[in-house]
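Peer 1: Quick one, fold the following:
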Amino acid sequence: MGRSTMADSQSLRLLSAAAKFHHQLTEYVAEQLYSAGFEGVSPSMLHFLSVLDGGVSYGAEISRQLQVSRQMVAKTIKELCQAGYLEQGDGIGRQKQILLTDKGERLMAMARSILADLDRGFTDRCGEVQIEEMTTQLEMLKETFSIGQERG
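Peer 2: All right, here's what the predicted structure looks like:
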């Protein structure tokens, strides 16, 4: 049976490059945080915590933002509470507020510091203007994709 020829796709190349960059970046940040004494922080937990960075949230809100089930959110919240990064408090009705603890705040501050160091490295290598242009182009591609989805 012959191998089918797949058309060269810029979208596929872009997706692959973006996924690899995201994976490499979050793995690096998680490793740096672990080295700084923050145990049990995975790249997926960092993504979860980034949604909470800066205030109070509720499970339903997090579920919508991350586009995951409420059950997954509840499981992750439980793990992060046990690790000391989150706490739950009384909220509206049956909903509970989800807050970063002091330890969670320190973790996110360290993560921002690590990312700031990476920013300096990216800027030194590529230049600030080029980084800004790449970001703008990615945002434009995202908007173009969103418009295409609305039509379809």
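Peer 1: contacts, neighbours, all on C-alpha from now
Peer 2: Will do.
Peer 1: which residues in the protein form strands?
Peer 2: Using DSSP state E, the strands of the chain run over 86-90, 96-100.
Peer 1: For the last one, what does the pLDDT average out to?
Peer 2: It refers to strand 96-100. If you average the pLDDT over strand 96-100, you get 88.
Peer 1: Pull the distance from that strand to the chain's centre.
Peer 2: Remark: strand 96-100 is offset 18 Å from the chain centroid, using C-alpha atoms, centre = their mean, to the nearest Å.
Peer 1: now for it, which elements pack on it?
Peer 2: If you count contacts as 3 or more C-alpha pairs under 8 Å, 6 or more residues apart in numbering; DSSP states H and E, strand 96-100 packs onto helix 43-52, helix 59-66, strand 86-90.
Peer 1: Show me what counts as buried in stretch 78-93.
Peer 2: Leu80, Cys81, Ala83, Tyr85, Leu86, Glu87, Gln88 (16 or more other C-alpha atoms under 10 Å).
Peer 1: And Ser69, its phi and psi?
Peer 2: Per-residue torsions, Ser69: phi -70, psi 160 (degrees, to the nearest 10).
Peer 1: Need the nearest residue in space to it, chain neighbours excluded.
Peer 2: Nearest in space to Ser69, with sequence neighbours left out and distances taken as C-alpha to C-alpha, 6 or more residues apart in numbering, is Ser63 at 5.9 Å.
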